[in-house]
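Participant: Got a predicted structure here, sequence first:
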Amino acid sequence: MRIPRILIMLVISIIVSLLIHLLMYGTNFTYQHISDALFVVSGITFVLSVSLMIGAFELLQGLGYTFRVFISPDFRERYSTFVEYKNEKNEVNKSPLYKEAAVSSLVIILIAWILAGVA
């Protein structure tokens, strides 16, 4: 894990939370509203990062492979088995940020929890 990546993700999450807050509540900044906006963004990020860490993306790769095999005959010739398709896809995606995303979202969930307790 790299600290700069975590900090960048924290900043991005806070900016997205601010935009959601402005969209939902306008400029009415209360602890509860800030907590809600932070929790929405960090909750979604946490669930996605954990599902990617446990390998749920392989299910999506399998569904994508199956769909493309039925649709495209050229695809079937290029990848005769799912293992070939999976190996090529895994070579393309060599930079997992799942752990950093999970850590940054947990930090923001903790902040949202503290703000909800103050409100």
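Facilitator: That came through fine. The structure displayed is predicted, hence computed values, not measured ones. Numbering: from 1, shown residues only.

Participant: okay, and for this protein, where does confidence drop off?
Facilitator: Applying pLDDT under 70 to the chain flags residues 90-95.

Participant: Run through the helices of it in chain order.
Facilitator: Assigned by DSSP state H, the chain shows helices spanning 3-25, 31-53, 56-71, 73-78, 82-92, 98-118.

Participant: Include mean neighbour count when you put these into CSV, please.
Facilitator: From N, CA and C alone the C-beta is placed, and that goes for glycine too. Below are the helices of the chain laid out as CSV (neighbours: other C-beta atoms under 10 Å):
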stretch, mean neighbour count
helix 3-25, 15
helix 31-53, 18
helix 56-71, 13
helix 73-78, 10
helix 82-92, 12
helix 98-118, 17
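
Participant: And Ser35, how far from Leu110?
Facilitator: For Ser35, the distance to Leu110 equals 11 Å [C-beta to C-beta, to the nearest Å].

Participant: Can you tell me how far the nearest residue to Arg68 once chain neighbours are set aside is from Gln61?
Facilitator: Spatial nearest neighbour of Arg68, excluding adjacent residues (C-beta to C-beta, 6 or more residues apart in numbering): Phe75 at 4.6 Å. According to C-beta to C-beta, Phe75 and Gln61 sit 13 Å apart.

Participant: Then Val69?
Facilitator: Using C-beta to C-beta, we find Val69 at a distance of 12 Å from Gln61.

Participant: what's around Gly55, how many residues?
Facilitator: Using other C-beta atoms under 10 Å, Gly55 has 9 neighbouring residues.

Participant: For the remainder of this discussion, apply numbering that starts at 880.
Facilitator: Noted, 880 is the first residue going forward, which turns the last one into Gly934.

Participant: just checking, the residue nearest to Arg947 touches Thr945?
Facilitator: No - shown here, Phe954 and Thr945 do not form a contact pair, counting by C-beta atoms under 8 Å, at 10.7 Å.
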